[in-house]
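Trainee: Quick one: sequence and predicted model below, then my questions.
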Amino acid sequence: MDTITLNVPTLPCVGLAAAAGLLACKLIAPRRRADETERGPLPAWLDELEDDESYERVRLPEWDNGTEWRRKNGFKGSDYVHDACAAVHVPRYYLRGVSGGVGSKLVGAAHFGPGAESHRGLCHGGTMCSLMDDVVGWTGFCATGVCKPWSGFTVQINTALKKPVDVGSWLRIEGEIVKIDGRKVSVKARLLDVDGDVHCEAEGLVVLKKKS
Ligand SMILES: CCCCCCCCCCCC(=O)SCCNC(=O)CCNC(=O)[C@H](O)C(C)(C)COP(=O)(O)OP(=O)(O)OC[C@H]1O[C@@H](n2cnc3c(N)ncnc32)[C@H](O)[C@@H]1OP(=O)(O)O
């Protein structure tokens, strides 16, 4: 019968291996994070929005300083769409706010990363649905013509998937308030590419929180 001899140097070796493993994790983790945020340059048309005086970039601490802000405010994780490492990621929204709300429009860029994949090279339809949830909700938060974060809930998102999305794509996402009825804000949204081809459309409903 074979016997296994545990040499004295084995233990330090195991310790060394564990330490090396930990070090590798530390080294790999930031590298992986960097990879996930390496989405290539932002699409050029975002610069046009930046220069367009009718649109204003929505700047929020929960996006600009997400981890820190969320921790301090009792959130438990990272933002499903706005976090830099999200599978499908919206780095910015721009708002064309209209007094009274109806006609207010939110426009952003969405990147579909490798984590959004379903069939070979194509994204999961749920990633488009998630984006529609996000843009419907944030457009609804602009029901007064200015963005009031977390001022309501998305309660309906009826999404039509019209064209597959390639992994690695940057697409344009838009939401527009089409009706306000008391606390109910109706939003139409769509996701389109640089040629204007529509990848999905949605009709959504946001219910604003009761005034306290
Ligand atoms: C301190 C804490 C801070 C908490 C701060 C929270 C900020 C949260 C922000 C989350 C961002 C998201 O988008 S969350 C995305 C996921 N969505 C959710 O989880 C929402 C789940 N749903 C809910 O929790 C609930 O349905 C609420 C809270 C929205 C219900 O609110 P409510 O205030 O009780 O309103 P309620 O009276 O039921 O409805 C008001 C009107 O809207 C209509 N309505 C309601 N739901 C629907 C619906 N699904 N489809 C059609 N219409 C609907 C009603 O018929 C009614 O119309 P009428 O009779 O007046 O004609």
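Mentor: Cool, got the structure. Just so it is clear, the model here is predicted, and its values are computed rather than measured.
Trainee: any idea which element the residue nearest the centre of the chain lies in?
Mentor: Geometric centre of the chain, nearest residue: Val81, 1.9 Å, by C-alpha atoms, centre = their mean. Applying DSSP states H and E as the criterion places Val81 outside every helix and strand.
Trainee: do Val178 as well
Mentor: Assigned by DSSP H and E, Val178 falls in strand 170-181.
Trainee: Next up, the contacts around the residue nearest to the centre of the chain.
Mentor: Val88, His89, Val90, Ser130, Leu131, Asp134 (C-beta atoms under 8 Å, 6 or more residues apart in numbering). C-beta here means a position set from N, CA and C on the backbone, and glycine is covered the same way.
Trainee: pLDDT wise, what is it at?
Mentor: According to the per-residue confidence, Val81 scores 94 in pLDDT.
Trainee: Let the chain start at 9 from now.
Mentor: Happy to do that; since the first residue is 9 now, the last one works out to Val89.
Trainee: Roughly how far does it sit from the ligand?
Mentor: 11 Å (C-beta to the nearest ligand atom, to the nearest Å).
Trainee: Check the gap between that residue and Leu50 for me.
Mentor: 16 Å (C-beta to C-beta, to the nearest Å).
Trainee: Distance from stretch 207-220 to the middle of the chain?
Mentor: Averaging C-alpha positions (C-alpha atoms, centre = their mean, to the nearest Å) puts stretch 207-220 17 Å from its chain's average.
Trainee: For it, buried residues please.
Mentor: For stretch 207-220, the neighbour count (16 or more other C-beta atoms under 10 Å) marks His207, Cys208, Glu209, Ala210, Glu211, Gly212, Leu213, Val214, Leu216 as buried.
Trainee: Alright, I will stop here.
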